[in-house]
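Trainee: kindly generate the corresponding structure for this input.
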Amino acid sequence: MADGRPGSEPRLVTVPSGSAYQVASSPSAAMVTPALARELRRVLEVFARGAGFDERRPVSAFFKPGIFGHHQVGRAADIYAIGGIGLDRWKARWDEALRKAREAGGSVAEGEMRAERATNLGWRLYTTMAAEGRWAQPYGYPVQLFGPWTRTEGPWRYISDRLLHAHRDHIHVAK
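Mentor: As a prediction, this is how the structure comes out:
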């Protein structure tokens, strides 16, 4: 909460909707620090516009609250769905396209993966967050961006199987 002094910020705020994306979850599902809310708004807007969404046709983002570590103080947020589809389903679709591309080989594979990169909103969100986001990296710890694509697309790819499994169905970010 704000302490009433001029210029003071509330301790936690909800992740706001932007012009090209809408937060579809309840406000209590994404209570974060003002700094994280600003960063998420900036990166989600870059993602949404890059994926072809706008004010007339925004994409939905669905958050769920976490329970450990940075979540307890609002320094982390978890995104479970984008465009009304769960991140686990986007990842399964990605893995299937990758499997088919490997079987096809050559220019067919290149075309299939180009099409998947253009339409897979989960992959696009993760890679936009990796390229555009300014996430926390506590001393001695990895960059705080984890999700289904961490080992192939993340700024920190060397995570344990346990940590990767824990983030198979959502994207976790902290600031």
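
Trainee: check residue 52 and give its pLDDT.
Mentor: Note for residue 52: predicted pLDDT of 98.

Trainee: tell me the SS of residue 77?
Mentor: Three-state assignment for residue 77 (DSSP: H, G, I helix; E, B strand; the rest coil): strand.

Trainee: quick check: it touching residue 35?
Mentor: No - here residue 77 does not reach residue 35: they are 11.6 Å apart, not a contact under CB atoms under 8 Å. C-beta: built from backbone N, CA, C; applies to glycine.

Trainee: gap between the nearest residue to residue 100 once chain neighbours are set aside and residue 51?
Mentor: Distances taken as CB to CB, 6 or more residues apart in numbering put residue 112 closest to residue 100, at 6.1 Å, once the chain neighbours are dropped. As judged by CB to CB, to the nearest Å, residue 112 and residue 51 stand 19 Å apart.

Trainee: show me where the protein has its strands.
Mentor: 13-14, 21-23, 31-32, 59-64, 76-82, 85-86, 145-146, 171-174 (DSSP state E).

Trainee: now those strands in JSON lines, with mean pLDDT, mean neighbour count and distance to residue 118?
Mentor: Below are these laid out as JSON lines (pLDDT from 0 to 100; neighbours: other CB atoms under 10 Å; distance: least, CB to CB, whole Å):
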{"stretch": "strand 13-14", "mean pLDDT": "95", "mean neighbour count": "18", "distance to residue 118": "31"}
{"stretch": "strand 21-23", "mean pLDDT": "98", "mean neighbour count": "21", "distance to residue 118": "18"}
{"stretch": "strand 31-32", "mean pLDDT": "94", "mean neighbour count": "22", "distance to residue 118": "30"}
{"stretch": "strand 59-64", "mean pLDDT": "97", "mean neighbour count": "22", "distance to residue 118": "14"}
{"stretch": "strand 76-82", "mean pLDDT": "96", "mean neighbour count": "23", "distance to residue 118": "15"}
{"stretch": "strand 85-86", "mean pLDDT": "98", "mean neighbour count": "15", "distance to residue 118": "16"}
{"stretch": "strand 145-146", "mean pLDDT": "92", "mean neighbour count": "24", "distance to residue 118": "22"}
{"stretch": "strand 171-174", "mean pLDDT": "94", "mean neighbour count": "24", "distance to residue 118": "19"}
